[in-house]
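[1] show me the folded form of this:
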Amino acid sequence: MRRRWMSAVAVTVAGLLSLAACGGGGDEKGTGADGKTANKQVEVFSWWTGPGEADGLKAMREIFQRQNPNLSFFDAAVAGGSGDKARALLSSKLQANQPPDTFQGHAGAELQGYIKAGKLEPLNSLYDELKLKDVFPQQLVDQITYEGNVYSVPVNIHRSNVLWSNPKVLKDAGISAAPKTIEEFIADLEAVKKTGKIPLSIGSEWTVVHLMESVLLGSLGTDGYNGLWAKGADWSGPNVTKALTDFKTILSYAGPPQDDWQPAAKQVADGAAAFNIMGDWAYGYFHNAPDGGLGKKSKEDFDWAASPGTDGTFMWLSDSFTLPKGAPNKDGALAWLKVAASKEGQDAFNPKKGSIPARKDADKSLYQDYLEWDLGQWANDKLAGSIQHGVVANDAWKTAITEAVGLFLQSKDPAKLQQALVEAAKTNNQ
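    Numbering: from 1, shown residues only. Sure, this is the predicted structure:
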(Lines give C-alpha, C1' and ligand atoms only; values in the text may rest on other atoms or scores of the structure.)
Protein backbone atom coordinates (compact mmCIF):
# COMPACT_ATOMS: atom_id res chain seq x y z
CA MET A 1 0.00 0.00 0.00
CA ARG A 2 2.80 2.38 0.96
CA ARG A 3 4.75 1.47 -2.18
CA ARG A 4 1.76 2.25 -4.37
CA TRP A 5 1.34 5.64 -2.64
CA MET A 6 5.01 6.51 -3.26
CA SER A 7 4.65 5.50 -6.90
CA ALA A 8 1.67 7.78 -7.25
CA VAL A 9 3.70 10.66 -5.81
CA ALA A 10 6.48 9.96 -8.29
CA VAL A 11 4.02 10.08 -11.16
CA THR A 12 2.52 13.30 -9.79
CA VAL A 13 5.95 14.94 -9.52
CA ALA A 14 6.87 13.84 -13.03
CA GLY A 15 3.67 15.38 -14.35
CA LEU A 16 4.26 18.58 -12.43
CA LEU A 17 7.79 18.81 -13.78
CA SER A 18 6.50 18.57 -17.35
CA LEU A 19 4.00 21.33 -16.61
CA ALA A 20 6.69 23.48 -15.04
CA ALA A 21 8.92 22.99 -18.06
CA CYS A 22 6.13 24.32 -20.24
CA GLY A 23 5.07 27.25 -18.07
CA GLY A 24 8.12 28.39 -16.05
CA GLY A 25 9.18 32.02 -15.95
CA GLY A 26 12.16 33.12 -18.01
CA ASP A 27 14.39 36.03 -17.09
CA GLU A 28 14.27 37.97 -20.32
CA LYS A 29 11.60 40.11 -21.90
CA GLY A 30 9.56 38.18 -24.41
CA THR A 31 7.13 39.07 -27.14
CA GLY A 32 3.42 39.08 -26.42
CA ALA A 33 0.64 37.93 -28.74
CA ASP A 34 0.27 41.51 -29.99
CA GLY A 35 3.93 41.67 -31.02
CA LYS A 36 4.80 44.11 -28.21
CA THR A 37 7.51 43.52 -25.65
CA ALA A 38 6.23 41.69 -22.58
CA ASN A 39 7.21 42.61 -19.02
CA LYS A 40 10.02 40.73 -17.29
CA GLN A 41 8.58 37.72 -15.50
CA VAL A 42 8.91 36.89 -11.79
CA GLU A 43 8.13 33.27 -10.94
CA VAL A 44 6.66 33.01 -7.41
CA PHE A 45 6.46 29.38 -6.26
CA SER A 46 4.02 28.45 -3.47
CA TRP A 47 1.28 25.97 -2.54
CA TRP A 48 -1.42 28.60 -2.08
CA THR A 49 -4.20 27.45 -4.38
CA GLY A 50 -7.21 26.96 -2.09
CA PRO A 51 -9.83 29.39 -0.76
CA GLY A 52 -8.42 31.96 1.65
CA GLU A 53 -4.79 31.33 0.79
CA ALA A 54 -5.26 32.05 -2.91
CA ASP A 55 -7.24 35.18 -2.01
CA GLY A 56 -4.40 36.40 0.19
CA LEU A 57 -1.82 35.74 -2.50
CA LYS A 58 -3.95 37.65 -5.00
CA ALA A 59 -4.10 40.64 -2.64
CA MET A 60 -0.30 40.74 -2.36
CA ARG A 61 0.09 40.20 -6.07
CA GLU A 62 -2.02 43.29 -6.79
CA ILE A 63 0.28 45.41 -4.61
CA PHE A 64 3.35 43.93 -6.31
CA GLN A 65 2.04 44.68 -9.79
CA ARG A 66 1.04 48.22 -8.83
CA GLN A 67 4.48 48.93 -7.40
CA ASN A 68 6.37 47.16 -10.20
CA PRO A 69 4.64 47.91 -13.53
CA ASN A 70 7.72 46.71 -15.42
CA LEU A 71 7.43 43.21 -13.92
CA SER A 72 4.98 40.39 -14.64
CA PHE A 73 3.94 38.12 -11.76
CA PHE A 74 3.96 34.42 -12.70
CA ASP A 75 1.98 32.32 -10.21
CA ALA A 76 3.73 28.94 -10.01
CA ALA A 77 1.55 27.61 -7.16
CA VAL A 78 1.20 23.83 -6.86
CA ALA A 79 -1.96 22.40 -5.26
CA GLY A 80 -1.75 19.97 -2.35
CA GLY A 81 -2.31 20.43 1.37
CA SER A 82 0.61 21.60 3.54
CA GLY A 83 2.87 21.93 0.50
CA ASP A 84 4.15 18.34 0.33
CA LYS A 85 3.62 18.07 -3.44
CA ALA A 86 5.03 21.54 -4.00
CA ARG A 87 8.20 20.73 -2.03
CA ALA A 88 8.69 17.49 -3.96
CA LEU A 89 8.59 19.44 -7.23
CA LEU A 90 10.75 22.20 -5.79
CA SER A 91 13.41 19.71 -4.73
CA SER A 92 13.58 18.39 -8.29
CA LYS A 93 13.86 21.91 -9.72
CA LEU A 94 16.64 22.88 -7.30
CA GLN A 95 18.59 19.68 -7.96
CA ALA A 96 18.37 20.43 -11.68
CA ASN A 97 19.60 23.99 -11.00
CA GLN A 98 16.34 25.39 -12.35
CA PRO A 99 15.09 27.40 -9.37
CA PRO A 100 12.07 29.68 -9.43
CA ASP A 101 12.79 33.33 -8.71
CA THR A 102 11.43 32.92 -5.17
CA PHE A 103 9.72 30.10 -3.30
CA GLN A 104 7.62 29.63 -0.19
CA GLY A 105 9.15 27.78 2.72
CA HIS A 106 8.19 27.31 6.37
CA ALA A 107 10.39 29.23 8.79
CA GLY A 108 12.44 26.89 10.96
CA ALA A 109 14.13 23.54 10.43
CA GLU A 110 12.52 23.03 7.00
CA LEU A 111 14.76 25.73 5.50
CA GLN A 112 18.00 24.29 6.88
CA GLY A 113 18.22 21.59 4.24
CA TYR A 114 18.11 24.22 1.48
CA ILE A 115 20.64 26.39 3.34
CA LYS A 116 23.13 23.59 3.99
CA ALA A 117 22.84 22.46 0.36
CA GLY A 118 23.82 25.97 -0.74
CA LYS A 119 20.51 26.63 -2.48
CA LEU A 120 19.62 29.95 -0.80
CA GLU A 121 21.08 33.45 -0.81
CA PRO A 122 21.38 35.31 2.52
CA LEU A 123 19.07 38.28 2.89
CA ASN A 124 21.07 40.32 5.41
CA SER A 125 21.31 43.37 3.15
CA LEU A 126 17.53 43.37 2.56
CA TYR A 127 16.94 43.15 6.31
CA ASP A 128 19.30 46.07 6.88
CA GLU A 129 17.73 48.15 4.09
CA LEU A 130 14.17 47.65 5.36
CA LYS A 131 15.12 47.51 9.09
CA LEU A 132 13.21 44.24 9.35
CA LYS A 133 14.84 43.11 12.60
CA ASP A 134 13.06 46.03 14.26
CA VAL A 135 9.61 44.87 13.13
CA PHE A 136 9.84 41.05 13.29
CA PRO A 137 9.80 39.23 16.67
CA GLN A 138 13.28 38.11 17.72
CA GLN A 139 12.23 34.47 18.15
CA LEU A 140 11.03 34.46 14.54
CA VAL A 141 14.23 36.00 13.20
CA ASP A 142 16.20 33.35 15.14
CA GLN A 143 14.28 30.58 13.35
CA ILE A 144 15.31 31.86 9.90
CA THR A 145 18.92 32.64 10.81
CA TYR A 146 21.77 30.19 10.24
CA GLU A 147 25.39 30.92 11.13
CA GLY A 148 24.65 34.63 11.36
CA ASN A 149 22.78 34.95 8.06
CA VAL A 150 19.04 35.48 7.57
CA TYR A 151 17.53 33.38 4.76
CA SER A 152 13.84 34.20 4.34
CA VAL A 153 11.14 36.83 4.73
CA PRO A 154 8.23 35.69 6.95
CA VAL A 155 4.84 36.94 5.77
CA ASN A 156 2.67 35.59 8.59
CA ILE A 157 2.23 33.62 11.79
CA HIS A 158 -0.12 30.64 11.90
CA ARG A 159 -1.41 28.67 14.85
CA SER A 160 -1.48 24.91 14.33
CA ASN A 161 -3.23 23.76 17.52
CA VAL A 162 -6.81 24.87 16.94
CA LEU A 163 -9.88 22.77 17.70
CA TRP A 164 -12.70 23.71 15.31
CA SER A 165 -16.20 22.62 16.22
CA ASN A 166 -19.84 22.87 15.16
CA PRO A 167 -21.89 24.43 18.00
CA LYS A 168 -25.17 22.77 17.02
CA VAL A 169 -23.64 19.29 16.80
CA LEU A 170 -22.04 19.78 20.23
CA LYS A 171 -25.33 21.01 21.73
CA ASP A 172 -27.18 17.98 20.35
CA ALA A 173 -24.55 15.76 22.01
CA GLY A 174 -24.99 17.53 25.36
CA ILE A 175 -21.59 19.25 25.19
CA SER A 176 -21.65 22.78 26.61
CA ALA A 177 -18.03 23.85 26.16
CA ALA A 178 -14.92 22.90 24.24
CA PRO A 179 -12.90 20.12 25.93
CA LYS A 180 -9.94 21.40 27.96
CA THR A 181 -8.05 18.12 28.34
CA ILE A 182 -7.34 15.02 26.27
CA GLU A 183 -9.57 13.00 28.61
CA GLU A 184 -12.47 15.44 28.17
CA PHE A 185 -11.95 15.34 24.41
CA ILE A 186 -12.22 11.56 24.29
CA ALA A 187 -15.41 11.69 26.40
CA ASP A 188 -16.89 14.29 24.04
CA LEU A 189 -15.99 12.22 20.98
CA GLU A 190 -17.88 9.31 22.51
CA ALA A 191 -20.89 11.55 23.23
CA VAL A 192 -20.99 12.73 19.61
CA LYS A 193 -20.65 9.17 18.32
CA LYS A 194 -23.87 8.26 20.12
CA THR A 195 -25.74 10.95 18.14
CA GLY A 196 -24.78 9.36 14.83
CA LYS A 197 -22.64 12.34 13.70
CA ILE A 198 -18.96 12.05 12.79
CA PRO A 199 -17.04 12.82 16.00
CA LEU A 200 -13.79 13.88 14.31
CA SER A 201 -13.13 14.69 10.65
CA ILE A 202 -9.72 14.09 9.07
CA GLY A 203 -8.22 14.64 5.64
CA SER A 204 -5.25 13.10 3.86
CA GLU A 205 -2.20 11.63 5.62
CA TRP A 206 -0.53 14.95 6.45
CA THR A 207 -3.60 16.06 8.43
CA VAL A 208 -3.11 13.02 10.69
CA VAL A 209 0.49 14.11 11.39
CA HIS A 210 -0.98 17.54 12.13
CA LEU A 211 -3.43 15.92 14.56
CA MET A 212 -0.64 13.93 16.23
CA GLU A 213 1.45 17.01 16.99
CA SER A 214 -1.48 18.58 18.87
CA VAL A 215 -2.08 15.34 20.81
CA LEU A 216 1.61 15.13 21.73
CA LEU A 217 1.55 18.74 22.95
CA GLY A 218 -1.73 18.26 24.82
CA SER A 219 -0.55 15.09 26.52
CA LEU A 220 3.11 15.95 27.23
CA GLY A 221 2.70 19.64 28.06
CA THR A 222 4.77 22.47 26.60
CA ASP A 223 8.11 21.62 28.22
CA GLY A 224 7.74 17.90 27.54
CA TYR A 225 6.87 18.50 23.90
CA ASN A 226 9.64 21.03 23.33
CA GLY A 227 12.08 18.62 24.99
CA LEU A 228 11.50 16.08 22.20
CA TRP A 229 13.43 18.35 19.83
CA ALA A 230 16.52 18.82 22.01
CA LYS A 231 19.68 17.09 20.76
CA GLY A 232 19.65 13.42 21.69
CA ALA A 233 16.12 13.52 23.14
CA ASP A 234 14.63 10.13 24.02
CA TRP A 235 11.22 9.33 22.50
CA SER A 236 10.95 5.96 24.26
CA GLY A 237 9.61 7.16 27.61
CA PRO A 238 6.26 6.32 29.23
CA ASN A 239 4.89 9.85 28.68
CA VAL A 240 5.27 9.44 24.91
CA THR A 241 3.71 5.97 25.18
CA LYS A 242 0.64 7.47 26.86
CA ALA A 243 0.41 10.27 24.31
CA LEU A 244 0.49 7.84 21.39
CA THR A 245 -2.07 5.60 23.09
CA ASP A 246 -4.33 8.66 23.40
CA PHE A 247 -3.65 9.39 19.73
CA LYS A 248 -4.84 5.91 18.79
CA THR A 249 -8.01 6.34 20.85
CA ILE A 250 -8.77 9.74 19.33
CA LEU A 251 -8.23 8.43 15.80
CA SER A 252 -10.67 5.60 16.46
CA TYR A 253 -13.43 8.24 16.42
CA ALA A 254 -12.39 9.69 13.05
CA GLY A 255 -14.72 9.56 10.06
CA PRO A 256 -13.68 8.42 6.58
CA PRO A 257 -10.52 10.29 5.47
CA GLN A 258 -11.24 13.15 3.06
CA ASP A 259 -9.01 14.13 0.14
CA ASP A 260 -7.49 17.11 1.97
CA TRP A 261 -8.06 19.50 4.85
CA GLN A 262 -10.76 21.60 3.15
CA PRO A 263 -13.38 18.84 2.71
CA ALA A 264 -12.61 17.60 6.24
CA ALA A 265 -13.12 21.11 7.66
CA LYS A 266 -16.27 21.52 5.57
CA GLN A 267 -17.81 18.51 7.32
CA VAL A 268 -17.66 20.54 10.55
CA ALA A 269 -19.01 23.74 8.99
CA ASP A 270 -21.87 21.81 7.37
CA GLY A 271 -22.83 20.02 10.59
CA ALA A 272 -21.82 16.52 9.46
CA ALA A 273 -18.98 16.35 12.00
CA ALA A 274 -18.37 17.77 15.46
CA PHE A 275 -14.62 18.43 15.60
CA ASN A 276 -11.59 19.01 13.40
CA ILE A 277 -8.06 19.89 14.54
CA MET A 278 -6.51 22.12 11.92
CA GLY A 279 -4.47 25.30 11.66
CA ASP A 280 -6.04 28.72 11.62
CA TRP A 281 -6.00 28.89 7.83
CA ALA A 282 -9.30 27.04 8.27
CA TYR A 283 -10.75 30.34 9.52
CA GLY A 284 -10.19 31.98 6.13
CA TYR A 285 -11.90 29.00 4.49
CA PHE A 286 -14.86 29.01 6.88
CA HIS A 287 -15.38 32.75 7.01
CA ASN A 288 -14.39 34.31 3.69
CA ALA A 289 -16.84 34.54 0.81
CA PRO A 290 -17.21 34.55 -2.11
CA ASP A 291 -14.22 33.20 -4.15
CA GLY A 292 -14.52 29.66 -2.84
CA GLY A 293 -14.89 30.41 0.89
CA LEU A 294 -17.86 28.98 2.74
CA GLY A 295 -19.21 32.27 4.09
CA LYS A 296 -20.11 30.70 7.43
CA LYS A 297 -20.87 32.62 10.64
CA SER A 298 -18.48 32.25 13.54
CA LYS A 299 -19.99 31.13 16.85
CA GLU A 300 -23.05 29.90 14.91
CA ASP A 301 -21.77 27.63 12.14
CA PHE A 302 -18.31 27.07 13.62
CA ASP A 303 -16.38 27.83 16.79
CA TRP A 304 -12.79 27.48 17.96
CA ALA A 305 -10.62 26.80 20.99
CA ALA A 306 -7.09 25.68 21.71
CA SER A 307 -6.77 21.98 20.92
CA PRO A 308 -7.32 19.82 24.02
CA GLY A 309 -4.63 20.15 26.68
CA THR A 310 -2.83 23.02 24.92
CA ASP A 311 -4.53 26.16 26.25
CA GLY A 312 -1.81 28.71 26.99
CA THR A 313 0.57 27.36 24.33
CA PHE A 314 0.73 28.64 20.78
CA MET A 315 1.97 25.92 18.41
CA TRP A 316 3.28 28.14 15.68
CA LEU A 317 4.50 28.11 12.10
CA SER A 318 5.31 30.82 9.61
CA ASP A 319 5.15 31.01 5.83
CA SER A 320 8.12 32.81 4.35
CA PHE A 321 9.72 33.52 0.98
CA THR A 322 13.33 32.98 -0.05
CA LEU A 323 15.89 34.04 -2.65
CA PRO A 324 17.27 30.93 -4.38
CA LYS A 325 20.82 30.93 -5.66
CA GLY A 326 20.74 31.29 -9.42
CA ALA A 327 17.29 32.90 -9.46
CA PRO A 328 16.69 33.87 -13.13
CA ASN A 329 15.24 37.25 -12.11
CA LYS A 330 16.96 38.19 -8.86
CA ASP A 331 15.83 41.83 -8.97
CA GLY A 332 12.23 40.73 -9.51
CA ALA A 333 12.51 38.28 -6.61
CA LEU A 334 13.79 41.04 -4.33
CA ALA A 335 10.89 43.24 -5.42
CA TRP A 336 8.49 40.46 -4.38
CA LEU A 337 10.29 39.98 -1.05
CA LYS A 338 9.89 43.69 -0.31
CA VAL A 339 6.12 43.41 -0.79
CA ALA A 340 5.97 40.25 1.35
CA ALA A 341 7.91 42.01 4.11
CA SER A 342 5.92 45.24 4.01
CA LYS A 343 3.18 46.34 6.39
CA GLU A 344 0.89 46.97 3.40
CA GLY A 345 1.55 43.52 1.95
CA GLN A 346 1.05 41.66 5.23
CA ASP A 347 -2.11 43.58 6.13
CA ALA A 348 -3.56 42.79 2.69
CA PHE A 349 -2.59 39.13 2.81
CA ASN A 350 -3.27 37.88 6.32
CA PRO A 351 -6.93 38.77 6.97
CA LYS A 352 -7.82 36.80 3.82
CA LYS A 353 -5.43 33.93 4.52
CA GLY A 354 -6.67 33.41 8.07
CA SER A 355 -3.35 34.25 9.71
CA ILE A 356 -1.80 37.08 11.68
CA PRO A 357 1.08 39.25 10.47
CA ALA A 358 4.72 38.52 11.24
CA ARG A 359 5.29 42.25 11.66
CA LYS A 360 4.74 43.77 15.11
CA ASP A 361 3.46 47.07 13.68
CA ALA A 362 0.49 45.73 11.69
CA ASP A 363 -2.88 47.47 11.76
CA LYS A 364 -4.63 45.53 14.53
CA SER A 365 -8.03 46.93 13.54
CA LEU A 366 -7.97 44.68 10.45
CA TYR A 367 -7.83 41.52 12.57
CA GLN A 368 -11.28 40.77 13.95
CA ASP A 369 -13.13 37.78 15.35
CA TYR A 370 -10.87 34.71 15.45
CA LEU A 371 -7.87 36.74 14.28
CA GLU A 372 -8.20 39.20 17.16
CA TRP A 373 -8.12 36.24 19.57
CA ASP A 374 -5.12 34.83 17.73
CA LEU A 375 -3.11 38.06 18.03
CA GLY A 376 -3.67 38.06 21.79
CA GLN A 377 -2.63 34.42 22.07
CA TRP A 378 0.57 35.00 20.07
CA ALA A 379 1.50 37.91 22.33
CA ASN A 380 0.94 36.06 25.61
CA ASP A 381 1.21 32.28 25.18
CA LYS A 382 4.16 29.96 25.56
CA LEU A 383 5.50 28.75 22.20
CA ALA A 384 5.90 25.30 20.65
CA GLY A 385 6.91 24.58 17.06
CA SER A 386 4.91 22.56 14.56
CA ILE A 387 6.19 19.21 13.25
CA GLN A 388 4.13 19.05 10.06
CA HIS A 389 4.77 22.65 9.12
CA GLY A 390 8.53 22.71 9.25
CA VAL A 391 9.48 24.43 12.52
CA VAL A 392 11.04 21.70 14.68
CA ALA A 393 11.92 18.87 12.27
CA ASN A 394 14.00 19.10 9.11
CA ASP A 395 12.65 17.53 5.93
CA ALA A 396 14.38 14.16 6.45
CA TRP A 397 13.08 13.85 10.00
CA LYS A 398 9.60 14.97 9.04
CA THR A 399 9.55 12.44 6.19
CA ALA A 400 10.46 9.69 8.65
CA ILE A 401 7.69 10.82 11.01
CA THR A 402 5.17 10.93 8.16
CA GLU A 403 6.13 7.41 7.06
CA ALA A 404 5.76 6.17 10.64
CA VAL A 405 2.28 7.67 10.86
CA GLY A 406 1.38 6.20 7.46
CA LEU A 407 2.31 2.72 8.69
CA PHE A 408 0.42 3.32 11.93
CA LEU A 409 -2.75 4.08 9.98
CA GLN A 410 -2.52 0.50 8.71
CA SER A 411 -1.31 -1.28 11.88
CA LYS A 412 -3.08 0.82 14.56
CA ASP A 413 -0.20 -0.25 16.85
CA PRO A 414 1.08 2.62 19.04
CA ALA A 415 4.08 0.56 20.20
CA LYS A 416 5.28 0.20 16.60
CA LEU A 417 4.64 3.89 16.01
CA GLN A 418 6.68 4.84 19.07
CA GLN A 419 9.58 2.62 18.02
CA ALA A 420 9.56 4.18 14.56
CA LEU A 421 9.60 7.65 16.11
CA VAL A 422 12.49 6.64 18.38
CA GLU A 423 14.49 5.47 15.35
CA ALA A 424 13.61 8.63 13.41
CA ALA A 425 14.92 10.79 16.26
CA LYS A 426 18.13 8.75 16.57
CA THR A 427 18.82 9.10 12.85
CA ASN A 428 17.94 12.78 12.45
CA ASN A 429 18.52 14.47 15.81
CA GLN A 430 22.17 13.88 16.67
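[2] now whichever helix or strand E403 is part of: buried residues?
    Assignment of secondary structure by DSSP states H and E places E403 within helix 395-411. Neighbour-count burial for helix 395-411, counted by 16 or more other Cβ atoms under 10 Å, picks out 395, 397-398, 400-402, 404-406, 408-409. All C-beta atoms are positioned from the backbone trio N, CA, C, and that covers glycine.
[3] now do that helix: which elements does it pack against?
    Contacting helix 395-411 under the criterion 3 or more Cβ pairs under 8 Å, 6 or more residues apart in numbering; DSSP states H and E are the following elements: helix 2-23, helix 109-116, helix 205-227, helix 414-428.
[4] what about the stretch 151-300 of the chain, any weak spots by pLDDT?
    For the stretch 151-300 of the chain, the stretches flagged by pLDDT under 70 are 290-292.
[5] what about the strands in it?
    All strands of the stretch 151-300 of the chain, identified by DSSP state E, counting those that start in this stretch, fall at 153-154, 158-159, 162-165, 198-200, 273-278.
[6] what's the most buried one of those strands?
    strand 273-278 (a mean of 29; mean count of other Cβ atoms under 10 Å).
[7] who's in contact with it?
    Outside strand 273-278, the residues that touch it by Cβ atoms under 8 Å, 6 or more residues apart in numbering are 161-166, 169-170, 173, 175, 185, 188-189, 192, 197-202, 207, 210-211, 214, 255, 261, 264-265, 267-268, 282, 307.
[8] how about stretch 222-230?
    Residues outside stretch 222-230 that contact it (Cβ under 8 Å, 6+ apart): 216-217, 220, 233, 235, 239-240, 312-313, 382, 384-385, 392-393, 425, 429.
[9] could you do stretch 375-384 as well?
    So stretch 375-384 is in contact with 139, 157, 159, 161, 217, 222, 225-226, 306, 312-316, 356, 364, 367, going by Cβ under 8 Å, 6+ apart.
[10] buried set for it?
    So for stretch 375-384, counting by 16+ other Cβ under 10 Å, buried means 375, 377-378, 381, 384.
[11] among those, which lie within strands?
    Using DSSP state E, the members of the buried residues of stretch 375-384 that fall within strands are A384.
[12] now do the helices in the stretch 301-430 of the chain.
    The residue ranges that make up the helices of the stretch 301-430 of the chain, judged by DSSP state H, counting those that start in this stretch, are 330-341, 343-353, 370-380, 395-411, 414-428.
[13] show me the shaky parts of the stretch 1-150 of the chain.
    In the predicted model, the stretch 1-150 of the chain carries pLDDT under 70 at residues 1-38, 81.
[14] cutoff 90 now
    Filtered on pLDDT under 90, the stretch 1-150 of the chain yields the residue ranges 1-39, 50-53, 55, 79-85, 87-88, 139.
[15] what about the closest residue in space to A187 that isn't next to it in sequence, distance to D172?
    Spatially, and ignoring its direct neighbours in sequence, A187 is nearest to P179 (7.5 Å; Cβ to Cβ, 6 or more residues apart in numbering). P179 sits 16 Å away from D172, taking Cβ to Cβ, to the nearest Å as the criterion.
[16] more neighbours, the two?
    Between P179 and D172, counted using other Cβ atoms under 10 Å, P179 has the larger neighbour count: 22 against 16.
[17] so the more buried one makes contact with A191?
    No. With contact defined as Cβ atoms under 8 Å, P179 and A191 do not form a contacting pair (10.2 Å).
[18] got the angle for the helix holding E403 vs helix 205-227?
    Between helix 395-411 and helix 205-227, the angle comes out at 120 degrees (axes from the mean of the first three to the mean of the last three Cα atoms, to 10 degrees).
[19] which parts of stretch 195-204 are buried?
    197-204.
[20] an error on my part: the question was meant for stretch 78-91.
    The neighbour-count criterion (16+ other Cβ under 10 Å) identifies 78, 80-91 as the buried residues of stretch 78-91.
[21] now, the most widely separated pair of those residues?
    Put simply, by Cβ to Cβ the two of these set farthest apart are G81 and S91, 17.5 Å from each other.
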